[in-house]
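J.: What shape does this take:
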Amino acid sequence: MSGSAKLIRCPCGYTLHGQDDDEVVAAAQEHARNIHEQQLTREQALAMARPT
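T.: All right, here's what the predicted structure looks like:
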């Protein structure tokens, strides 16, 4: 299920964008891994995602 454009506002203040669920999840997982040294599941990312 991909849906429409989404965004995630990280608690650190960074905003992630994606054209669909897959893009915003990938961006969130990369941000979590590279900036916060954490692993983020698809479900966790989608729970934070909001439509743009």
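J.: where in this structure is pLDDT low?
T.: Regions of the chain meeting the criterion pLDDT under 70 cover residues 1-2.
J.: can you pull out the strands in it?
T.: With DSSP state E applied, the chain shows strands at 6-9, 15-18, 50-51, listed in chain order.
J.: what separates Val24 from Glu43, distance-wise?
T.: Val24 sits 13 Å away from Glu43, going by CB to CB, to the nearest Å. Where C-beta positions appear, they are placed from N, C-alpha and C, glycine not excepted.
J.: In terms of neighbours, single out the busier of those two.
T.: More neighbours surround Val24 than the other of Val24 and Glu43, with 25 against 8 (other CB atoms under 10 Å).
J.: how many neighbours does the nearest residue in space to the more buried one that is not next to it in sequence have?
T.: Distance criterion CB to CB, 6 or more residues apart in numbering; nearest residue to Val24, sequence neighbours excluded, is Gly18 at 3.0 Å. A count of nearby residues for Gly18, using other CB under 10 Å, gives 22.
J.: Val25 now?
T.: Burial of Val25 is recorded as 23 neighbouring residues (other CB under 10 Å).
J.: quick one, what contacts the closest residue to it other than its chain neighbours?
T.: Spatial nearest neighbour of Val25, excluding adjacent residues (CB to CB, 6+ apart): Ala45 at 4.4 Å. For Ala45, the residues meeting the contact criterion (CB atoms under 8 Å, 6 or more residues apart in numbering) are Ile8, Val24, Val25, Ala28, Gln29.
J.: just to revisit the earlier point, most tightly surrounded among the strands of the chain?
T.: When you average the neighbours per residue for each of the strands of the chain (mean count of other CB atoms under 10 Å), strand 6-9 leads with a mean of 19.
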